[in-house]
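K.L.:
Generate coordinates for the sequence data below:
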Amino acid sequence: MSYDRYVAICKPLHYGTLLGSRACATMAAAAWGTGVLYSLLHTASTFSLPFCQGNAVDQFFCEIPQILKLSCSDAYLREIWLLGVSASLVSACFVFIVVSYMQIFRAVLRMPSEQGRHKAFSTCLPHLAVVSLFVSTATFANLKPPSLSSPSLDLVVTVLYTVVPPVMNPIIYSMRNQEIKQALRTLFEDTLLRHQ
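P.N.:
Numbering: from 1, shown residues only. Below is the predicted model:
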């Protein structure tokens with residue numbers, strides 16, 4: 001999506017050729033392929049572990065750290081290896097997004113029209129907000145120190161990065177719609193007036 005925004009803002013006359021159906025299919029296939037390979041990596045690693053501590057996971061879905069707690073073996077090296085692969089994939093995506101947005105902001109700040117800059121920023125900021133929300137919650141979930149780990153905190157953090165970004169996604173993207181903005185403004189004003 002950041003590449004789409006980059007092409008739309010920095011190279012608008014080449015948009016049709018740079019982001020044709022073939023390019024979109026290639027990017028979608030790369031995203032799906034990477035996701036499938038990453039999932040297979042975790043699944044193969046998890047199924048190769050011996051389990052001896054029951055089969056009850058203290059989460060609402062089978063998250064990898066919770067499954068590793070059920071293992072009999074010392075999964076420390078395996079976890080470090082998977083964390084390294086995960087960090088490289090996430091870092092590559094994050095660098096791509098940051099570089100795209102740096103190019104976008106550089107191009108937008110050179111625009112002579114205030115209205116053009118506003119329109120360009122309003123196109124980019126919802127995507128940036130969704131990505132930031134997901135990256136920040138997922139980073140906290142995966143990089144929090146073990147001393148902070150407790151079953152209830154793990155559950156709350158898991159809900160934060162699995163439920164909150166998808167729920168906020170349509171809300172953030174719809175904030176460009178004036179009717180939605182007005183409806184939310186009215187809802188908040190009515191709520192505040194009732195509680196006063």
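
K.L.:
for this structure, longest helix please?
P.N.:
Longest helix in the chain, counting residues (DSSP state H): helix 76-109.

K.L.:
If we go by neighbour counts, what in the next helix or strand after that one is buried?
P.N.:
Counting by DSSP states H and E, the next helix or strand C-terminal to helix 76-109 is helix 114-143. Neighbour-count burial for helix 114-143, with 16 or more other Cβ atoms under 10 Å as criterion, is recorded at 117, 120, 123-124, 126-131, 133-135, 137-138, 141-142. Quick note: C-beta positions are derived from backbone N, CA and C, even for glycine.

K.L.:
Same question for stretch 40-58.
P.N.:
45-46.

K.L.:
what does stretch 2-22 give?
P.N.:
Neighbour-count burial for stretch 2-22, counted by 16+ other Cβ under 10 Å, picks out 2, 4-10, 19.

K.L.:
Return the subset of the residues you listed lying in helices.
P.N.:
Those of the buried residues of stretch 2-22 mapping onto helices are 2, 4-10, per DSSP H.

K.L.:
Now tabulate these in TSV and tack on distance to Val36 and pLDDT.
P.N.:
Output for these, formatted as TSV (distance: Cβ to Cβ, whole Å; pLDDT from 0 to 100):
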residue	distance to Val36	pLDDT
Ser2	22	73
Asp4	22	80
Arg5	26	77
Tyr6	26	79
Val7	26	83
Ala8	28	80
Ile9	31	79
Cys10	31	79
